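A.B. asks: here you go, sequence then predicted model.
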Amino acid sequence: MKRILLSLIFIAFIITKNFAQIPRLIEKDGRHALLVDGKPFFILGGQIHNSSGWPGMLPHVWTAICALHANTLEVPIYWEQVEPEEGKFDFSLIDTLLIQARQQEVHLVLLWFATWKNGSNHYMPLWMKNNSAKYPNIIGKDGKPVDSPSPNYNATLDADKRAFAAVMKYLKNADQRHTVIMMQVENESGAWGSVRDYSPVAQKLFESDVPSALLTPSVLKSLNVTEGAKGSWQKVFGDRADEYFQAWSVASFIGKVAAAGKAEYQLPMYANAALRDPLTNPMANTYESGGPTDNVIPIWKVAAPSIDLLAPDIYLRGSEKILKVIDLYSQADNALFVPEAALSADNVKYLYEVIARGGIGFSPFGIDDNGEGKTDAEIAERLSSFAKEYAMIEPMMREIAEWRFEGQIKAVTEREDFADQSIDLGDWKATIKFGGDGRGNRPPVNTKPTGKLMIVKLSENKFILIGTECHITFQPIGKNEGKAWQYGQVEEGKYENGKFNVLRIQNGDETDWGGPGFGETPTVLQTTLIIR
Ligand code: DGJ
């Protein structure tokens, strides 16, 4: 009897331990962490091209992942491949990905390319595409069909739910090591070419009352609608009614797909957005309507509670717009994750902003050679601007993820005006000048606004500085205002196995001429400051 009891306790312990290890998102004081193996994790990701998630393409993918020093591959799984015949599933691609990702020692984020891929139905299985009466596209305002699936038909929803649930069920069993850490449900959902579906089925829904879940004072306030409004979509939301109806329809659909998946296996799940201009509040006929754009985040939160976060795909240009997007998507109820950013050296600096705002990951898009036959050296060259950052962060990723979660990191990134910026560190103000230091080793001003600096506050007078193309000076403020000070030590080195290993102590010319400087290769300095 005793033996049976002990075995049961042991089994319960294993199950609990296993459950505890399932990747999950947590929140504390408005900050978020993705826990992998029970500890905060930061996704240094790389997303491959749309048609590269096939076994024959994977060798090139791993070459790119290695060259990038990424810890996570974002890879599509395709509904048309997973369910080639109705109700008959093929999970061989998932098996291959799990085996190879483990060999490469990287995690996976799987992208469920299903009802929506960039607003179209192109990844639906052929048996669905061949039955457009049952799985219809949107009808535009002019009565013409639009190349985008309607979110208002249950047959499509049921088919997607069934397939996604089958994927998650399979994964739960096949991935007990938790190689897969998050799921993207659909890809850039919504519609291009029509703000909503104007088919008779959708029109009837549009003319009925707005669901009460959207009429709470806080949701109405966030949508700039007077408290107490009720009635039809048109009556409550006026000139935004078409778009909000589409957002509600798409989000409700995707929320149900995610819920069906989570009922099988509760991994974190997100939906990504094709962004709109975040500064000018344009109308939805100029962007993809119904996806999780910034203005409809409150609608998505209500309609799709099983979606843990809404994620911006960053293809906009210019720091004003991009920083605004980063602000809009890093909220107490939304962990910031950038699953796609254009693979351009200009975008590397936003990795620092995402870390400093408590984000959980970042990933450039299109890291592999996409069947072009590039050499390994050419691939590495394309990835080099991100790769050198990832190579520096990777060995200290767990520390960064923890500091970020505790709110200890601040960052500045160079703007188009190349102006100096400052950071308030409590007892110290740090001023960051972009370009070379006072010794004239490099041009005093950068030629492109790519400089950046991240500061980790370890204690009142001890900081870790990580940066490129800038230099930094300190000034005592607060209780130290006006006091004399000096550097205690400025140690250059790197984190390895949880320890800072010192390469050298910077001093003399390296610190006396306008403060410690950072060149093109990201450098990590551990700095103590002394009040005299
Ligand atoms: C954003 C989409 O989400 C990606 O799948 C891809 O199509 C890129 N745009 C553009 O290449």
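C.D. replies: Everything's here; your move.
A.B. asks: run the chain-centre distance for the helix or strand containing F463.
C.D. replies: Per DSSP states H and E: F463 is located in strand 462-468. How far strand 462-468 lies from its chain's middle: 24 Å, per CA atoms, centre = their mean, to the nearest Å.
A.B. asks: over to stretch 111-131?
C.D. replies: For stretch 111-131, the distance to the chain centre is 23 Å (CA atoms, centre = their mean).
A.B. asks: report how many residues lie close to the closest residue to the ligand within the stretch 351-500 of the chain.
C.D. replies: Per CB to the nearest ligand atom, F365 is where the stretch 351-500 of the chain lies closest to the ligand, at 5.7 Å. The way it works is simple: take the backbone N, C-alpha and C, and place the C-beta from them, glycine included. Per other CB atoms under 10 Å, the neighbour tally for F365 reads 21.
A.B. asks: now it, what are its backbone angles?
C.D. replies: When read as degrees, to the nearest 10, the backbone of F365 gives phi -100, psi 140.
A.B. asks: isn't it right next to N347, touching?
C.D. replies: No - judged on CB atoms under 8 Å, F365 makes no contact with N347 at a distance of 9.9 Å.
A.B. asks: where do the contact lists of the two overlap?
C.D. replies: A341 (CB atoms under 8 Å, 6 or more residues apart in numbering).
A.B. asks: go through the strand holding F463 and flag the buried ones.
C.D. replies: Neighbour-count burial for strand 462-468 flags 463-468 (criterion: 16 or more other CB atoms under 10 Å).
A.B. asks: list the strands paired with it, with their directions.
C.D. replies: Strands that pair with strand 462-468, judged by DSSP bridges, come out as strand 452-459 (antiparallel), strand 523-531 (antiparallel).
A.B. asks: what about the last one, average pLDDT?
C.D. replies: pLDDT averaged over strand 523-531 equals 98, rounded to a whole number.
A.B. asks: in CSV, list the C-alpha atoms belonging to it.
C.D. replies: Provided in CSV are the C-alpha atoms of strand 523-531 (Å, rounded to 0.1, in the frame of the first residue of the first chain):
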residue,chain,number,x,y,z
THR,A,523,30.3,46.3,-26.1
VAL,A,524,29.4,45.4,-22.6
LEU,A,525,30.8,47.6,-19.8
GLN,A,526,30.2,47.1,-16.0
THR,A,527,30.6,50.5,-14.4
THR,A,528,30.8,51.7,-10.8
LEU,A,529,30.5,55.4,-10.0
ILE,A,530,31.8,57.1,-6.9
ILE,A,531,30.7,60.2,-5.1
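A.B. asks: what about that strand, distance to the chain center?
C.D. replies: That offset, for strand 523-531, works out to 31 Å (CA atoms, centre = their mean).
A.B. asks: I'd like the numbering to begin with 33 instead of 1 from here.
C.D. replies: Sounds good: first residue 33 from here, last item strand 555-563.
A.B. asks: and it, what's buried?
C.D. replies: Of all the residues in strand 555-563, those buried under the rule 16+ other CB under 10 Å are 555-559, 561.
A.B. asks: same question for stretch 531-544.
C.D. replies: Within stretch 531-544, the residues that count as buried by 16+ other CB under 10 Å are 538, 542-543.
A.B. asks: do stretch 519-527 as well
C.D. replies: 519, 521-527.
A.B. asks: again, but for stretch 130-150
C.D. replies: Buried residues in stretch 130-150, counted by 16+ other CB under 10 Å: 130, 132-133, 138-150.
A.B. asks: circling back to that earlier point, among the buried residues of stretch 531-544, which lie within strands?
C.D. replies: Judged by DSSP state E, strands contain the following of the buried residues of stretch 531-544: Q538.
A.B. asks: what is the neighbour count of the residue in the chain positioned nearest to the ligand?
C.D. replies: Of all residues in the chain, E220 sits closest to the ligand, at 4.4 Å by CB to the nearest ligand atom. Neighbour count of E220, defined by other CB under 10 Å: 21.
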